[in-house]
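Chemist: any chance you can model this:
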Amino acid sequence: MSTGLIILLVVIAALVVVAALVTMLIGHRSGGGPGLKRRFGPEYERTVAAHDGDTRAAERELNERVERHGDLRERPLAREERDRYAARWASVQEHFVESPRQAVAEADRLLGEVAQVRGYPDGGRYEEQLAALSVHHADHVDGYRRVHRMARAAGAGGTGAGTEEMRSALVGAHELFDELTGVGGASTSGRHRAA
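Modeler: Okay, the predicted model is just below:
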């Protein structure tokens, strides 16, 4: 083989490697920015704030969530299960007037249970469950986060939140409950918020 042919092969190989790297970098970047903002909505902004405004770190975290939980398929609920969960949620709402803290704690347990039954990580691994829920229900996951935080604060003997704050959190959590159960006409199938 001549020297010219060897040099030509080396140059072609180098160009192929550079092209592959550029393609990989462009593909990696397309998973962030506007696509993540659209997919995660308010959860995107909350994650950026949690990373002190570092959008790269926030987008890394959100991309990791999508990689871990993006293929999760929710198990549909049978009508009887939906009805049973709807009755339990109605009970939570009824008890709120007399015992807001207890109602918030029950809402927290109920959401964790429903999410687990639908195929999300179990409620004992709350952070992992919340991350998975945020991939598929980003618009409504904050209500669950707030209810969980209030339930834990009350369970730890803290003074906790005021009644109006608990009511607001419960309303937000109810939106996620409706999505997970299909109560109130919400969808119960597959993935939500496709990228």
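Chemist: domains for this structure, by residue range?
Modeler: 3-69, 79-185 (automatic domain parsing).
Chemist: please compute how far the longest one lies from its chain's middle.
Modeler: Its chain's average C-alpha position is 14 Å from that of domain 79-185, according to Cα atoms, centre = their mean, to the nearest Å.
Chemist: could you do the first one as well?
Modeler: A distance of 21 Å separates the centroid of the chain from that of domain 3-69, by Cα atoms, centre = their mean.
Chemist: end to end on that domain, go ahead and measure it.
Modeler: Taking Cα to Cα, to the nearest Å as the measure, domain 3-69 stretches 52 Å from start to finish.
Chemist: okay, the domains of the chain, which one's buried deepest?
Modeler: Ranked by average neighbour count under the criterion mean count of other Cβ atoms under 10 Å, the domains of the chain are headed by domain 79-185 at a mean of 18. In this view, the C-beta of every residue, glycine as well, is placed from N, C-alpha and C.
Chemist: so for that one, mean pLDDT?
Modeler: Domain 79-185 shows an average pLDDT of 90 in the prediction.
Chemist: for the chain, which helix extends over the most residues?
Modeler: In terms of residue count, the longest helix belonging to the chain (DSSP state H) is helix 3-30.
Chemist: tell me the mean pLDDT over it?
Modeler: The model assigns helix 3-30 a mean pLDDT of 78.
Chemist: next SSE downstream of that helix?
Modeler: Scanning the chain past helix 3-30 towards its C-terminal end, the next helix or strand to appear is helix 34-40 (assignment: DSSP states H and E).
Chemist: quick check: mean pLDDT of that following helix?
Modeler: Regarding helix 34-40, the rounded mean pLDDT is 88.
Chemist: so which elements touch the helix or strand following that helix?
Modeler: Once helix 34-40 ends, the next helix or strand along the chain (criterion: DSSP H and E) is helix 42-50. Applying 3 or more Cβ pairs under 8 Å, 6 or more residues apart in numbering; DSSP states H and E, we find helix 42-50 packed against helix 34-40, helix 55-69, helix 141-155.
Chemist: how about CSV for these, with distance to Asp108 added?
Modeler: Compiled in CSV, those are given as follows (distance: least, Cβ to Cβ, whole Å):
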stretch, distance to Asp108
helix 34-40, 22
helix 55-69, 20
helix 141-155, 4
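Chemist: ignoring the adjacent residues along the chain, who's closest to Arg118?
Modeler: Once its chain neighbours are removed from consideration, Arg118 has its nearest residue in Glu74; the separation is 4.6 Å (Cβ to Cβ, 6 or more residues apart in numbering).
Chemist: state the distance from the residue nearest the centre of the chain to Glu128.
Modeler: Using Cα atoms, centre = their mean, the residue of the chain that lies closest to the mean C-alpha position is Ser134, 0.8 Å off. For Ser134, the distance to Glu128 under the criterion Cβ to Cβ, to the nearest Å works out to 11 Å.
Chemist: quick one, which of the helices and strands packed on helix 42-50 gets closest to Ala115.
Modeler: Counting by Cβ to Cβ, Ala115 lies closest to helix 141-155 out of these; the figure is 8.1 Å.
Chemist: same for the helix or strand following the closest one, what does it pack against?
Modeler: Moving toward the C-terminus from helix 141-155, the next helix or strand (DSSP H and E) is helix 163-181. The contact analysis (3+ Cβ pairs under 8 Å, 6+ apart) places helix 163-181 against helix 79-98, helix 100-118, helix 141-155.
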